[in-house]
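S.K.: Generate a structure from the sequence data that follows.
(2 chains)
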Amino acid sequence: MKPDVDEHHRRPAAFRLDDPNVVVTAEAGQARLARGTVRVMPEPEPSLPAAAPALTLSREPGREWERRRGFPWGPLFWSALGGLAALGIGVSVTRLIEDLFGRNEGLGWLGTVLAAVAGFAFLAIVLREALGLWRLAGIEKLRERGAQTLLSDDRTAGRAVVRDVLALSRRTPRLARARTTLEGHLDEIIDGADLVRLAERELMEPLDRDARRIVSDAAKRVSVVTAVSPRAALDMLFVLATAFSLVRRLAYLYGGRPGTLGLIRLMREVIAHLVLTGGMAAGDSLIQQVVGHGIAAKVSVRLGEGVLNGLLTARLGLAAIEVTRPLQFAALPPPTLGDVAGNLVRGHKAGAEVAPAGNP
Amino acid sequence: MPYAFTDILADARLAARALVEFGQHVLNPTIRLGVTGLSRSGKTVFLTALVHGLMQGGRFPVFEPLATGRIARTRLAPQPDDAVPRFDYEAHVRALVEERRWPESTDRISELRLVIDYQSKRGVTRSLTLDIVDYPGEWLLDLPLLTRSYPQWSAESLELSRHGPRAELAAPWHDYLATLDPLGPQDEQAALRSAALFTHYLKACRDERYAMSLLPPGRFLMPGDLAGSPALTFSPLKWPLGGTPQADAPPAGSLAAMMRRRYEAYKDVVVRPFFQEHFARLDRQIILVDALAAFNAGPDAVRDLEGALAAVLECFRMGRRTWTSALFRPRVDRILFAATKADHLHHASHERLEAILGRMTERAAERARGAGAPIDVVALSAVRATRETRVRRGREDLPCIIGVPAAGEVVGGEVFDGTTEAAMFPGDLPADPEEMFGAMPKFRGLANAAPQEADYRFLRLRPPKLEQVDGVAMLPHIRLDRALQFLIGDRMP
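M.R.: Here you go, the predicted model:
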């Protein structure tokens, strides 16, 4: 509820703007006005009173860990071990530098500088990782808030969500025009759910198209490499590498810039998501999968394995899209397996020379 | 209600027409959009803004097909019914933009057909035909008569006229009725006089002070070319015969028999054709409600409005669209309740306005939901005439709107001339919608208190001054795009 609507009933009133006792000012100026003067302050349509607290709340990092129950023995163990290792490294480095100084002063200084540079770089890396994790948590929170707004239709919450999505997409130059359009609409009287859908349509649509292409390319690459690679171990490695790079590219595309730790965490979430949803794939895709695999397997065993790996990669990509996208699929259709892996099955039947269908 | 032979015949005719139209619609998808609303609820302005926005590509961010640029163009097409006048959209826009006055109130039916050329999301070029119909809101009140016999209607009308502020207004008519003998010989002069007094009472109820809504029959208020004909020369009588009204008929040649015949004639000549032509064939329905006028007048007016809406909504056939329904029995498959003139309130109060309207249409909404028709409630303003502001007076901080009150509007002894801007605070809507329906404590309106005592004051405002872009004026609005998205967005895949 709005805090500005009191419980007691206020009488209707009207003020002529040309009345000498009525002052129209742009903002709540500090100058005291004479008694009995009425001040009219036109609003920059419409105002946003409760957005700021919601914003800071959502940006708070590390809230994720508060959910765990019980004493965190695991983290304690790892932190202690990490501390020991850091101490060990510190001691050995100090000893090394002392040794170097013992041999030659110039060598000692060189060692000191190198150690300082390494320390500085390490600090930067830690900072970047933390930032990545923090941003990831922010996106997750944002998605949750977006989903809530779709249900509650709360205007203030919707506006805050859209502002955050805008801030997130600030680094994507392709969306400049869409951003301007959306910012223009922010000042209008549009309800929360509509606003979130509008933001999704404006900002996510071009990204979704790219995401589909990225997943589809990765799936194709995996299937071709699996089909032609001489060793099973080799293509296992390749599939793993592709999966990581796929998740990473999708995360970058949707505005999250996870570091290494962030990527690992993201990967974990993707796999969790896959276990939840992907295992029980919906009708059409399952049939496609089985039929596609069957046909390809008839042609050649290796080809069949290629298609299977490609489909798995595609499925992983779909899960990754769901996890990395800052807004839920509501106004736009979510990509299906057919979208990203349809050409895989067809492509293999027609032959591998089919041009990569990536340019929309 | 006995299922009369005429009703079966009418249904058969409807089914036949639906079959023919179904054939046409397969080739050329058409939506008949019913814009329903009692008089002064802003139907004409809504339609004008809708047509203008679609034709000129208005600022409709929530209406997805237009916002994403899928709509190639919207054009006017010749309307399907040759006997119905055209909705004079150009003149209405001129009145709004150039003369800065609202279009005149509608006194006859009119129609317009829009064809929207668009591309589906898969890239197929298609077109959607939108038929819109404008008619006087008074006529809408006739629809409930279709299910009522003359004795039932008489009893209901008399009962209604004895309560609240109506009793005082209906007194002369009641006095005259007391002198009539329903079983006496038929008397043209008596019928004329009682019809005149009855009409006078209905008109008085419509005054801004009372803002009553449930005032059938509608042609008494807006007679058109039927003025003075026998079909409009009747009034309710104290039904003399007691017992079940349908069982016994008055003797032939009596006043009661004559009145009953004329009532039936009114239904046959006026109501049934109107229903058949325009209401039985709708696909989508928006119901415009001017709740603010009722808030001005008081709790009686609010309850009256509720009754009127319930009566009107009974007449719609709602339900999910299926193959068989599309073939034989057209149904309304989406309903939007819109509280118009939302620009008279600060946007912080819009949710409360929606809650009150939702409470008002609860029963109809439940029925629609039961039948599987999605419904929604929205506070909208087809042409937004205000901007928002905050006013600080002493310690008070009031969320206000700025607009130009129409000439002759009065607040607190101040008479507006129609050119002065004013900041207005219309009063706080209650958080609990129940308070508007006369729950304790009653709120005060024009009907039950002095004007300076009233709890709400919504002034009539002039249309806004518009800036023109390339010679085309854009009409500002509130949530018109959301209404459009709900009503036709899903039919443009």
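
S.K.: Please verify my assumption that residue B:409 contacts residue B:459.
M.R.: Yes - contact criterion C-beta atoms under 8 Å: residue B:409 and residue B:459 qualify, at 4.6 Å. Heads up, the C-betas are built off the backbone N, CA and C, glycines and all.

S.K.: Between the two, which contacts overlap?
M.R.: Shared contacts of residue B:409 and residue B:459, defined by C-beta atoms under 8 Å, 6 or more residues apart in numbering or on different chains, are found at residue B:416.

S.K.: next structured bit after the helix or strand residue B:65 falls within?
M.R.: Applying DSSP states H and E as the criterion places residue B:65 in helix B:64-67. Note on helix B:64-67: by DSSP H and E, the next helix or strand toward the C-terminus is strand B:71-77.

S.K.: Could you list the paired strands of that following strand along with their orientation?
M.R.: strand B:110-119 (antiparallel) (DSSP bridges).

S.K.: Give me the residues contacting whichever helix or strand comes after the partner strand.
M.R.: Next in sequence after strand B:110-119, counting helices and strands by DSSP H and E, comes strand B:125-134. Residues from elsewhere that reach strand B:125-134 (C-beta under 8 Å, 6+ apart): B:28-35, B:43-44, B:47, B:50-51, B:72, B:77, B:79-80, B:84, B:87, B:106, B:109-120, B:278, B:488, B:491-492.

S.K.: How about strand B:125-134, which residues are buried there?
M.R.: Across strand B:125-134, burial judged by 16 or more other C-beta atoms under 10 Å in any protein chain shown covers B:127, B:128, B:129, B:130, B:131, B:132, B:133, B:134.

S.K.: how big is the angle separating it from strand B:71-77?
M.R.: Relative orientation of strand B:125-134 and strand B:71-77, computed by axes from the mean of the first three to the mean of the last three C-alpha atoms, to 10 degrees: 40 degrees.

S.K.: which residues are in contact with whichever helix or strand comes after strand B:125-134?
M.R.: Note on strand B:125-134: by DSSP H and E, the next helix or strand toward the C-terminus is helix B:137-140. Residues outside helix B:137-140 that contact it (C-beta under 8 Å, 6+ apart): B:36-41, B:43, B:106, B:109, B:215, B:218-219, B:221-222, B:274, B:312.

S.K.: nearest residue to residue 316 other than its sequence neighbours?
M.R.: Assuming you mean chain A. residue A:243 (5.7 Å; C-beta to C-beta, 6 or more residues apart in numbering or on different chains).

S.K.: Switch to chain B, please.
M.R.: Closest residue to residue B:316 apart from its sequence neighbours, by C-beta to C-beta, 6+ apart: residue B:332 at 5.2 Å.

S.K.: how many other residues sit next to that neighbour?
M.R.: Per other C-beta atoms under 10 Å in any protein chain shown, the neighbour tally for residue B:332 reads 25.

S.K.: How about the one 10 residues further on?
M.R.: By other C-beta under 10 Å, the residues close to residue B:342 number 26.

S.K.: Also near chain A: which of the contacts of helix B:137-140, exactly?
M.R.: Contacts with chain A are made by none of those, judged by C-beta under 8 Å from any C-beta of the partner chain.

S.K.: I'd like the buried residues of strand B:125-134 laid out as JSON lines, including pLDDT.
M.R.: Formatted as JSON lines, those follow (pLDDT from 0 to 100):
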{"residue": "B:127", "pLDDT": "88"}
{"residue": "B:128", "pLDDT": "90"}
{"residue": "B:129", "pLDDT": "89"}
{"residue": "B:130", "pLDDT": "89"}
{"residue": "B:131", "pLDDT": "87"}
{"residue": "B:132", "pLDDT": "86"}
{"residue": "B:133", "pLDDT": "83"}
{"residue": "B:134", "pLDDT": "84"}
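
S.K.: Nearest to residue A:179 among those residues?
M.R.: Nearest to residue A:179 among these: residue B:128, at 30.6 Å, using C-beta to C-beta.

S.K.: which strand residues sit across from the closest one in the sheet?
M.R.: Beta-bridge partners of residue B:128, as defined by DSSP bridges: residue B:116.

S.K.: ok, now how distant is it from residue A:116?
M.R.: From residue B:128 across to residue A:116, the span is 70 Å (C-beta to C-beta, to the nearest Å).

S.K.: Not counting sequence-adjacent ones, nearest residue to the residue in the stretch 201-350 of chain A that chain B sits nearest to?
M.R.: Nearest residue of the stretch 201-350 of chain A to chain B: residue A:201, at 6.5 Å (C-beta to the nearest C-beta). Nearest residue to residue A:201, sequence neighbours excluded (C-beta to C-beta, 6+ apart): residue A:331, at 4.9 Å.

S.K.: and the one you found, that one's in a helix?
M.R.: No - under DSSP: H, G, I helix; E, B strand; the rest coil, residue A:331 sits outside any helix and is assigned coil.

S.K.: Now for it: which residues touch it?
M.R.: Residue A:331 neighbours (C-beta under 8 Å, 6+ apart): A:197, A:198, A:200, A:201, B:64.

S.K.: again, only this time at 7 Å
M.R.: Residues in contact with residue A:331, defined by C-beta atoms under 7 Å, 6 or more residues apart in numbering or on different chains, are A:197, A:200, A:201.

S.K.: got it, and residue B:285?
M.R.: Residues in contact with residue B:285, defined by C-beta under 7 Å, 6+ apart, are B:34, B:36, B:316, B:332, B:335.

S.K.: Just the ones in strands from those, please.
M.R.: Using DSSP state E, the subset of these located in strands is B:34, B:36, B:335.

S.K.: Could you find the closest non-adjacent residue to the first one?
M.R.: Of all residues not flanking residue B:34 in the chain, residue B:282 sits nearest, at 3.8 Å (C-beta to C-beta, 6+ apart).

S.K.: next one: the second one
M.R.: Counting by C-beta to C-beta, 6+ apart, residue B:287 is the residue found nearest to residue B:36 once chain neighbours are left out, at 4.9 Å.

S.K.: Run through the bridge partners of the one you found.
M.R.: residue B:36, residue B:337.

S.K.: okay, now it: neighbour count?
M.R.: Residue B:287 has 25 neighbours, counted by other C-beta under 10 Å.

S.K.: any idea how far chain A is from it?
M.R.: As defined by C-beta to the nearest C-beta, to the nearest Å, residue B:287 lies at a distance of 19 Å from chain A.

S.K.: dump the residue contacts of that residue.
M.R.: Per C-beta under 7 Å, 6+ apart, neighbours of residue B:287: B:36, B:37, B:335, B:337, B:338.

S.K.: could you redo these as TSV and give each row pLDDT and neighbour count?
M.R.: Formatted as TSV, the contacts of residue B:287 follow (pLDDT from 0 to 100; neighbours: other C-beta atoms under 10 Å in any protein chain shown):
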residue	pLDDT	neighbour count
B:36	83	26
B:37	84	23
B:335	88	27
B:337	91	24
B:338	94	30
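
S.K.: Could you identify the most distant pair in the residues you listed?
M.R.: B:37 and B:335 (13.0 Å).

S.K.: what pLDDT does residue 86 get?
M.R.: Defaulting to chain A. On the pLDDT scale, residue A:86 is placed at 92.

S.K.: that's the other chain; I wanted chain B
M.R.: 90.

S.K.: Count residues in the vicinity of it, would you?
M.R.: Burial of residue B:86 is recorded as 13 neighbouring residues (other C-beta under 10 Å).

S.K.: May I ask you to confirm that it is in contact with residue B:77?
M.R.: No - the pair residue B:86 / residue B:77 is not scored as a contact, 11.2 Å apart, by C-beta atoms under 7 Å.

S.K.: Can you list the low-confidence ranges for the stretch 201-350 of chain B?
M.R.: B:240-248, B:319-330 (pLDDT under 70).
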